[in-house]
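Trainee: predicted model and sequence follow; I will ask about them next.
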Amino acid sequence: MTARSQLGWRVPRDERDAFLEFVEDRWDAQGPYVRFELESAMREFLDADGHLAEAERLLREHLQSQGLSSSTDAVPSTLDHGDTVKLGHRVNAELKDEFAAMAKEHFTDSLGAVLARAMNAYRGGGRRRRVLDNVQQLVAGGTSGGTTACTDENSPSSDEHAGTTGVAIESSSGTDESTQSSSGTSGGTTADADENVEADPQLVMEIADDLGDQFPADVLESTIAKTAGGDAATIDAYRDAVVNYKNVVKHPHNPLYIPETKRDEMTLWCDLNKEMRATRLRRLIVVDALENKEQRHPLTYKQVQGLFEEYLGKGPSHDYAYTLMEMAANADGFTYGEYQGQKQLRVNVKQVKQTIVEQALNIDPSLDPDQLTVDGLITSYTASQTPNQEAAADD
């Protein structure tokens, strides 16, 4: 269940009244729709210090350099602080805390004044609308938006977290006029042949409240079916709405939705290119050696696959594992060779650069490099032998 907390912040009465009118014009009602739109306004305003704000700034500067001007105003920096009213709506507690932290860090005004800015900007279409207007001024015919998807084994991605941009989602909080509803119709009915089902915010909130911070995809769909309807169009409409409302994204390797903030902090297999995976393998074999308290520690390709699956959510194929093992051996303390017909990547922790050991300890701080033995190594192994390598089909 989603924890909720009363806002309790004072905003200018005129802004509150204008926001209520905005909600009623959109949904033909207020009630729970006010909370839905308040949370949407807060979520969108939290982007004010992120990539979208930087995009808006760059677009505005470029338009000015071309002798053009933005078609919409930026977020107002001040609002009338005269007659105020306290908002008693109960909103997502985590969202409230995040918004308050952002407001205290970036504004000198009261929390209510910052919230009023968010409400005002949201009523005007928000930053996304301003960015779109600026882009439409800059280039005729719209934009060409490319996203970076998670890479496969052969992808030459150069950014360790390139995959995070591919799974980032944009809030569908109702800023696009094409999604506005004039009747507040429930999304539980089947759409006409040329219309899409529009998710009812009240049902979206009910579904979201029944889900945790992360949840399996099938649980989301069964909750939608129970609450709004089980036909394909309804499932699709409410899936997107709930995912955006809860700020979650789909896990790249598992049928699971996780918080977007958690995904941003994760490094997964699909986020790394071949060189990065070889670098990560060095850290992981050191982790495995420290866990086994072995100064000298070997890994077979199956163990390599297992480590990647454990720490990055997915592992390499048979041939690709050998490729990464060979690449990982190209550093002090690591060797790749064949012993009794079995290829192995081996590490001598005492010969590894300290930076790699420190990176391994960042993965698991509980490990102790001072508790190592040499009992785990077959001493007849000769790393200087040239291995009889198999073909690497993933090059």
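Mentor: Sure thing, it's come through.

Trainee: hey, let's count contacts and neighbours off CA atoms from now on
Mentor: Fine.

Trainee: after the helix or strand hosting A233, heading C-terminal, what element do we hit next?
Mentor: When elements are assigned from DSSP states H and E, A233 belongs to helix 232-245. Remark: after helix 232-245, the chain's next helix or strand is strand 248-250, criterion DSSP H and E.

Trainee: what pairs with that next one, and is each one parallel or antiparallel?
Mentor: Strand 248-250 has the following sheet partners, assigned by DSSP bridges: strand 256-259 (antiparallel).

Trainee: contact partners of the partner strand?
Mentor: D213, Q214, F215, P216, A217, K246, N247, V248, V249, K250, H251 (C-alpha atoms under 8 Å, 6 or more residues apart in numbering).

Trainee: which residues does L284 contact?
Mentor: L284 neighbours (C-alpha under 8 Å, 6+ apart): L307, A360.

Trainee: next, the buried residues of the helix or strand containing it.
Mentor: For L284, the element it lies in under DSSP H and E is helix 274-291. Within helix 274-291, the residues scored as buried using 16 or more other C-alpha atoms under 10 Å are 274, 276-291.

Trainee: are any of the contacts of strand 256-259 buried, and which?
Mentor: Looks like the contacts of strand 256-259 have Q214, F215, P216, K246, N247, V248, V249, K250, H251 buried, using 16+ other C-alpha under 10 Å.

Trainee: minimum pLDDT in these, which residue is that?
Mentor: Least confident entry in the buried ones among the contacts of strand 256-259, by pLDDT: N247, with 82.

Trainee: V11 should be in a helix, yeah?
Mentor: No - assigned with DSSP: H, G, I helix; E, B strand; the rest coil, V11 falls outside any helix and is strand.

Trainee: distance check, it against P369.
Mentor: Taking C-alpha to C-alpha, to the nearest Å as the measure, V11 falls 56 Å from P369.

Trainee: okay, the buried ones among the contacts of strand 256-259 in CSV with distance to E358 next?
Mentor: Output for the buried ones among the contacts of strand 256-259, formatted as CSV (distance: C-alpha to C-alpha, whole Å):
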residue, distance to E358
Q214, 31
F215, 33
P216, 34
K246, 36
N247, 33
V248, 32
V249, 31
K250, 31
H251, 28
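
Trainee: among those residues, which one lies nearest to T267?
Mentor: H251 (11.5 Å; C-alpha to C-alpha).

Trainee: what does that closest one show for phi and psi?
Mentor: Dihedral angles of H251 (phi, psi; degrees, to the nearest 10) stand at phi -60, psi 130.

Trainee: and if you look at R296?
Mentor: Main-chain torsions, R296, degrees, to the nearest 10: phi -110, psi 120.

Trainee: for it, name its beta-bridge partners.
Mentor: N348.

Trainee: start at 10, not 1
Mentor: In the new numbering, first residue 10, that becomes R305.

Trainee: so this structure: which segments form each domain?
Mentor: Following automatic domain parsing, the chain resolves into domains at 13-147, 206-273, 278-372.

Trainee: mind checking the SS state of Q353?
Mentor: Here Q353 is strand, with the state taken from three-state DSSP.

Trainee: so what angle separates the directions of the helix holding L293 and strand 351-357?
Mentor: If you take axes from the mean of the first three to the mean of the last three C-alpha atoms, to 10 degrees, helix 283-300 sits at 70 degrees to strand 351-357.

Trainee: for the record, mean pLDDT for helix 283-300?
Mentor: Per-residue scores along helix 283-300 average to 94.

Trainee: now the strands for the chain?
Mentor: With strands called from DSSP state E, the chain shows them at 13-15, 18-21, 93-96, 99-101, 224-225, 257-259, 265-268, 305-308, 343-348, 351-357.

Trainee: mean confidence score for the last one?
Mentor: In this model, strand 351-357 has a mean pLDDT of 94.

Trainee: helices or strands next to it in the packing?
Mentor: helix 283-300, strand 305-308, helix 327-337, strand 343-348 (3 or more C-alpha pairs under 8 Å, 6 or more residues apart in numbering; DSSP states H and E).

Trainee: would you format the ones you listed as CSV with distance to N357 included?
Mentor: Compiled in CSV, the helices and strands packed on strand 351-357 are given as follows (distance: least, C-alpha to C-alpha, whole Å):
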stretch, distance to N357
helix 283-300, 9
strand 305-308, 4
helix 327-337, 13
strand 343-348, 7
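
Trainee: any chance of the strands of the chain in CSV, plus distance to Y42?
Mentor: Shown next, in CSV, are these (distance: least, C-alpha to C-alpha, whole Å):
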stretch, distance to Y42
strand 13-15, 16
strand 18-21, 18
strand 93-96, 14
strand 99-101, 12
strand 224-225, 25
strand 257-259, 21
strand 265-268, 23
strand 305-308, 57
strand 343-348, 60
strand 351-357, 59
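
Trainee: those strands: which one's closest to E318?
Mentor: Once the strands of the chain are compared by C-alpha to C-alpha, strand 305-308 is nearest, at 14.4 Å.

Trainee: name the residues of the closest one that are buried.
Mentor: Buried-residue list, strand 305-308, by 16+ other C-alpha under 10 Å: R305, H306, P307, L308.

Trainee: packing partners of that strand?
Mentor: For strand 305-308, the packing partners by 3+ C-alpha pairs under 8 Å, 6+ apart come out as helix 283-300, strand 351-357.

Trainee: and it, what's its mean pLDDT?
Mentor: Throughout strand 305-308, pLDDT has a mean value of 93.

Trainee: convert the C-alpha atoms of that strand to PDB, please.
Mentor: Taking C-alpha atoms only, strand 305-308 is exported to PDB below (Å, rounded to 0.1, in the frame of the first residue of the first chain):
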ATOM      1  CA  ARG A 305      44.400 -17.300  -5.800                       C
ATOM      2  CA  HIS A 306      41.000 -18.100  -7.200                       C
ATOM      3  CA  PRO A 307      39.800 -19.700 -10.500                       C
ATOM      4  CA  LEU A 308      36.600 -19.300 -12.400                       C
END
